[in-house]
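[1] please find the sequence and the predicted model below.
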Amino acid sequence: MDSVDPMEIMLSDVFDKVFYNKEQEASRKFCEECDGWGAIEVDAPRPHGFDRDVGYMDVDKIECPECEGTGVKETEDVS
């Protein structure tokens with residue numbers, strides 16, 4: 001008698017939702033602001049200090065404000 005593997009059932013459900021759900025694909029698109037990464041780079045000025053005689057511009061990564069870090073944006077149906 002074969003046993004039921006719950007992990008296999010869960011992964012099968014996830015696979016079906018991701019690859020075969022046409023409604024979900026139509027309502028979600030990659031965020032154009034962050035190209036789907038969920039984070040953007042912003043300039044961060046670093047002032048001079050005791051160990052540096054000049055300041056410089058550095059880069060920090062922050063959560064994308066458009067998609068709130070998810071990488072996808074919900075589109076609104078205009079039908």
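    Perfect, thanks for sending it. Predicted model only: the values in this text are computed from it and were never measured.
[2] for Gly69, give me phi and psi.
    Gly69 adopts backbone torsions of phi 90, psi 0, taken as degrees, to the nearest 10.
[3] identify the residues contacting it.
    Gly38, Ala39, Glu63 (CB atoms under 8 Å, 6 or more residues apart in numbering). All C-beta atoms are positioned from the backbone trio N, CA, C, and that covers glycine.
[4] do Gly71 as well
    Phe30, Cys31, Cys34, Gly36, Trp37, Gly38, Cys64.
[5] what's the answer for Glu32, then?
    With CB under 8 Å, 6+ apart, Glu32 has these contacts: Glu66, Lys73.
[6] repeat that for 10 Å
    Glu66, Cys67, Lys73 (CB atoms under 10 Å, 6 or more residues apart in numbering).
[7] now Ser12
    Asp5.
[8] what's the helix or strand for it?
    helix 6-20 (DSSP states H and E).
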